[in-house]
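Trainee: this one's sequence-less:
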């Protein structure tokens, strides 16, 4: 399998502005690539390696975890607990 060609992209304030092929067979590897480089986001706009993929079971859970990791390293999600508010 060939890895996709994600491009570093700024974080966006709205999901409809994101240009990613989330159902691509290479998407997980591109997420990992962006997470390791601590990119604020990435785009699939210029990639021509799209391959349709259907995720189920553990593969779906793993993909969700990578998406959350990207959101965390980009600063879009804060996973820390508010101890005072609990």
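Mentor: Cool, the structure landed. Everything numeric here is computed off the predicted structure, so don't read it as measured data.
Trainee: use CA for all of it now, contacts and neighbours both
Mentor: OK.
Trainee: which stretches of the chain have low pLDDT?
Mentor: In the prediction, the chain carries residues with pLDDT under 70 at positions 1-5, 9-18, 79, 81-86.
Trainee: quick one, helices of it?
Mentor: 27-36, 57-74 (DSSP state H).
Trainee: could the ones you listed be laid out in a markdown table, adding distance to residue 47?
Mentor: What follows is the helices of the chain, written out as a markdown table (distance: least, CA to CA, whole Å):
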| stretch | distance to residue 47 |
| --- | --- |
| helix 27-36 | 11 |
| helix 57-74 | 19 |
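Trainee: With respect to burial, which of those helices scores highest?
Mentor: Highest mean neighbour count among the helices of the chain (mean count of other CA atoms under 10 Å): helix 27-36, with a mean of 20.
Trainee: about what we covered before: so which of the helices of the chain is nearest residue 21?
Mentor: helix 27-36 (7.0 Å; CA to CA).
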